[in-house]
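Q: kindly generate the corresponding structure for this input.
(one chain, ligands or ions: 1)
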Amino acid sequence: TPAGRETDVSVAKTTSPPGGGRPAPAADPLAWLADNERDRRAAGLRRALRPRAAHPTPALIDLAGNDYLGLGRHPAVVEGAARAARTWGAGSTGSRLVTGSTTLHEELEQALAGHVGFPAALVFSSGYTANLGCLTALAGPGDLIVSDALNHASIVDACRLSRATVAITPHGDVDAVHAALAAGGWRRALVVTESVFSADGDAAPLARLHATARAHGALLVVDEAHGLGVVGPGGRGALWAAGLASEPDVVATVTLSKALGGLGGAVLGPVALRDHLVDTARTFIFDTGLAPANVGAALGALTVLREQPELAAAVRARAAQLAALTGAPAPAAAVVSVVIGDPEPAVAAAAACLARGVAVGCFRPPTVPAGTSRLRLTARADLTDADLRVVTEVFAAAQVRAR
Ligand code: PMP
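A: Model (predicted):
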């Protein structure tokens, strides 16, 4: 339009350097990255990507991944992915509201809701986008989000994006949650927590949090990323185990990428919540729908869990063994947190384990608070007694011991 052209001209004028001609070469706008990198290196915080080969060293024992039940390579799960890709194609072709919803997505939503015990579920492209979409659709300016100090980065980011008032409460401190809600001044309030904390492996006091939230008319939002598939009968999650799964004032978020072995996320709750998210959750509306292969894999994983409910108890038992080996606190699920302290000895212990054929996670700031760098061990349902004997020897040699 002529009006548009006028605007273009005025923009061009204001950005032209005085006197016309080419702008003088500026200093490299990314030069600061080198200084920043030196600081991170000095603090022991440089990170390296270590791409896995297609055929891993046969002897490598994986205590670093989140494939808690070994479903990522389960034939029924891989075949579920392959069949879905053959039927529907490699991508979902669009956002869920345009062309990206298939009947397979709806099948997965019903299966997930049934497994976790909620009336309805809505699938997102990841657990991260599920948390972002859920919290930003439920809270805004004038609202209060009470968030545990150790909540995952996706929850932290969701709180910030929501533009609600955020009260960060000390880890697991229900009295502080009560005090934050009791202070008032909010229109609506949400209490948000992980059910099993991703770095520490401990459990949230869900029953007490729910009672506190309910007493104030607040919604309880629980990230079951590390609870699904591991906690509760058949891995139905911590909310099911606490008898809270179908409460009208409880919402769950999950990832399909840990115990279920694939990729994707979901929000679970009442039907009205699902409808609200379909209309308003930005990471649902503006993100391409989850690829059919990921949907098929998750459906396959839920089928395996239904047929082998004992997998959840098996991984919890292995986690308890890993904790006993290392002096770590008793874990609530599959995650065992061996706090070392400074980043350098944590990195050295992880390297010593890897050199001896055992892969362990190493978490440093900013993933965990300063002074709490740690080895993060993840148990797997498919660890054998022979694996455990190797791990015992390797941990002794590498001096893997909670401080
Ligand atoms: N919440 C928690 C507690 C997590 O640990 C993770 C994964 N690191 C996520 C959410 C994000 O899930 P996803 O990897 O599927 O995006």
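Q: can you tell me the SS state at residue 167?
A: strand (DSSP: H, G, I helix; E, B strand; the rest coil).
Q: show me what contacts the residue lying closest to it once chain neighbours are set aside?
A: Counting by C-beta to C-beta, 6 or more residues apart in numbering, the nearest residue to residue 167 once its immediate chain neighbours are dropped is residue 180, at 3.9 Å. Where C-beta positions appear, they are placed from N, C-alpha and C, glycine not excepted. Residue 180 is in contact with 144, 146, 167, 169, counting by C-beta atoms under 8 Å, 6 or more residues apart in numbering.
Q: try 7 Å this time
A: The neighbourhood of residue 180, defined by C-beta atoms under 7 Å, 6 or more residues apart in numbering, consists of 146, 167, 169.
Q: how far away is residue 402 from residue 336?
A: 9 Å (C-beta to C-beta, to the nearest Å).
Q: report the set of residues contacting both of the two.
A: Common neighbours of residue 402 and residue 336, using C-beta under 7 Å, 6+ apart, are 326, 328.
Q: and the residue of the stretch 1-150 of the chain that's closest to the ligand?
A: Taking C-beta to the nearest ligand atom, the ligand has its nearest neighbour within the stretch 1-150 of the chain at residue 127, 2.4 Å off.
Q: what's the local residue count around that residue?
A: Other residues near residue 127 number 25, with proximity taken as other C-beta atoms under 10 Å.
Q: thinking again about what came up before, of residue 402 and residue 336, who's got more company?
A: With neighbours defined as other C-beta under 10 Å, residue 402 and residue 336 compare such that residue 336 has more, 30 against 16.
Q: from the ligand, how far off is the more buried one?
A: 15 Å (C-beta to the nearest ligand atom, to the nearest Å).
Q: doesn't residue 244 belong to a strand?
A: No. Judged by three-state DSSP, residue 244 forms no part of a strand; its state is coil.
Q: so what's it closest to, chain neighbours aside?
A: Nearest residue to residue 244, sequence neighbours excluded (C-beta to C-beta, 6+ apart): residue 250, at 5.1 Å.
Q: residues touching that neighbour, list them.
A: 210, 220, 222, 239, 244.
Q: what's it sitting at in phi/psi?
A: The phi/psi pair for residue 250 (degrees, to the nearest 10) reads phi -130, psi 140.
Q: same check, this time on residue 145
A: The phi/psi pair for residue 145 (degrees, to the nearest 10) is phi -110, psi 120.
Q: I figured it hits residue 192, correct?
A: Yes. Shown here, residue 145 and residue 192 form a contact pair, counting by C-beta atoms under 7 Å, at 6.0 Å.
Q: quick one: common contacting residues for the two?
A: Common contacts of residue 145 and residue 192, defined by C-beta under 7 Å, 6+ apart, comprise residue 135.
Q: just the element for the residue nearest to residue 167, please.
A: helix 174-182 (DSSP states H and E).
Q: what's across from the closest residue to the ligand within the stretch 251-400 of the chain in the sheet?
A: Closest residue of the stretch 251-400 of the chain to the ligand, C-beta to the nearest ligand atom: residue 255 (3.4 Å). Listed beta-bridge partners, residue 255: residue 265 (assigned using DSSP bridges).
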